[in-house]
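> Sequence and predicted structure are below.
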Amino acid sequence: MGFVQEWRSWHESRERYAGAEYGPAALESTNWLITEPAAVEGVPGLWALTGDGGIRGSDLGTAGNVVTLRGRETLRLGRRELRVFDRRGAVALRVFNPRRAERERFSGIDAYPPREGWRVRDDFEETPGETVTITAVDGAVHEQPLAGRLRFALDGIPLTLSATRTPQGELTAVFADGTNGTETYRFRFLPIEHPDDDGTAIVDFNRAYLPPCAFSDQFVCPQPPAENRYSLPIRAGERAVVLGR
């Protein structure tokens, strides 16, 4: 499979994921709970934290009297699906609704045509012991281990990209560029290939993708750190969510 065909296959899989019945476009609400039971809009019963990282629902009527959710457990109440969201010990109840208007209107992801020139070889420098300050879209701030810095050039301009690791150990970055707010969403995510033994890695901006909060404002995505904000326009990767009528 060639470069363009591989990109098209990736892009199609991204659209399937984004528009899936219980995909990111279906996230209806993120509800930060306390230990006192409280109502959650659109969901029967009363919901509260259990005190050990779980969520308990009570007075559920026909769905049963009491239920507890932990970890990756889910619960379907009618068409809605309930999930636990744990952000460094702060726990919320997330409600996914395939009938959410934005999910029903989702028709695709606009993207720039793939171009091999946006695949850039860079030098990867590990940064043991360093951290980076991450601010989420809801204003929450935390320090995260910095996996390393990538140094490369675009259009002859030297740039540095700070990367962290996913829970699975993969390198990733969040960046903003000169297209944001006009041609693209306000920032994007970027997977980074594992560096070679000599410390070089590939940054493929054709695979820059929209964060979950582009599909629902109920996600609390991390924003780009200061060093990953470029004035240079990077016309590669995903641009914006496309909604039909």
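Right, received. Where do you want to start? Because the structure is a prediction, the values reported are computed rather than measured.
> Tell me the buried residues in stretch 164-173?
Across stretch 164-173, burial judged by 16 or more other C-beta atoms under 10 Å covers 164, 171, 173. Bear in mind the C-beta positions are built from the backbone N, C-alpha and C, glycine included.
> Could you export these as CSV, including distance to R149?
Compiled in CSV, the buried residues of stretch 164-173 are given as follows (distance: C-beta to C-beta, whole Å):
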residue, distance to R149
T164, 11
L171, 11
A173, 10
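> Show me the domain layout of the chain.
Structural domains annotated on the chain: 24-97, 107-243, as defined by automatic domain parsing.
> Would you reformat these as TSV and include mean pLDDT and distance to H11?
What follows is these, written out as TSV (pLDDT from 0 to 100; distance: least, C-beta to C-beta, whole Å):
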stretch	mean pLDDT	distance to H11
domain 24-97	93	16
domain 107-243	96	6
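> what's the closest of the ones you listed to G2?
With distances scored as C-beta to C-beta, the stretch of the domains of the chain nearest to G2 is domain 107-243 (10.2 Å).
> and N206, which of the three is it?
For N206, the assignment made with DSSP: H, G, I helix; E, B strand; the rest coil gives helix.
> Check whether it really touches R115, as I assumed.
Yes. Counting by C-beta atoms under 8 Å, N206 touches R115, with 6.8 Å between them.
> I'd like to know which of the buried residues of stretch 164-173 is nearest to S29.
Of these, the one sitting nearest to S29 (C-beta to C-beta) turns out to be T164, at 27.4 Å.
> circling back to that earlier point, between N206 and R115, tell me which one has more neighbours.
Higher neighbour count among N206 and R115: N206, with 22 against 14, using other C-beta atoms under 10 Å.
> tell me the contacts of that one?
For N206, the contacting residues are 7, 112, 114-115, 118-119, 236-237, by C-beta atoms under 8 Å, 6 or more residues apart in numbering.
> just the buried members of these?
Buried, going by 16+ other C-beta under 10 Å: 7, 112, 114, 118-119, 236-237, out of the contacts of N206.
> what's the closest non-adjacent residue to R235?
In space, R235 comes closest to Y112 once its chain neighbours are excluded; the distance is 5.2 Å by C-beta to C-beta, 6 or more residues apart in numbering.
> The one you found contacts P233, doesn't it?
No. Look at Y112 against P233 with C-beta under 8 Å: they stay out of range, at 10.6 Å.
> what do the two both touch?
By C-beta under 8 Å, 6+ apart, Y112 and P233 have no common neighbours.
> OK, contacts around the nearest residue to G178 once chain neighbours are set aside?
Sequence neighbours aside, P233 is the residue nearest to G178 in space, at 3.7 Å (criterion: C-beta to C-beta, 6+ apart). Counting by C-beta under 8 Å, 6+ apart, P233 touches 177-179, 183.
> hmm, try it at 10 Å
Each residue near P233 by C-beta atoms under 10 Å, 6 or more residues apart in numbering is listed here: 154-155, 177-180, 182-184.
> Turn the residues you listed into a markdown table, including neighbour count, secondary structure and distance to S107.
Formatted as a markdown table, these follow (neighbours: other C-beta atoms under 10 Å; DSSP: H, G, I helix; E, B strand; the rest coil; distance: C-beta to C-beta, whole Å):
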| residue | neighbour count | secondary structure | distance to S107 |
| --- | --- | --- | --- |
| L154 | 18 | strand | 31 |
| D155 | 9 | coil | 33 |
| D177 | 24 | coil | 25 |
| G178 | 15 | coil | 27 |
| T179 | 19 | coil | 21 |
| N180 | 18 | strand | 22 |
| T182 | 7 | coil | 21 |
| E183 | 15 | coil | 19 |
| T184 | 26 | strand | 18 |
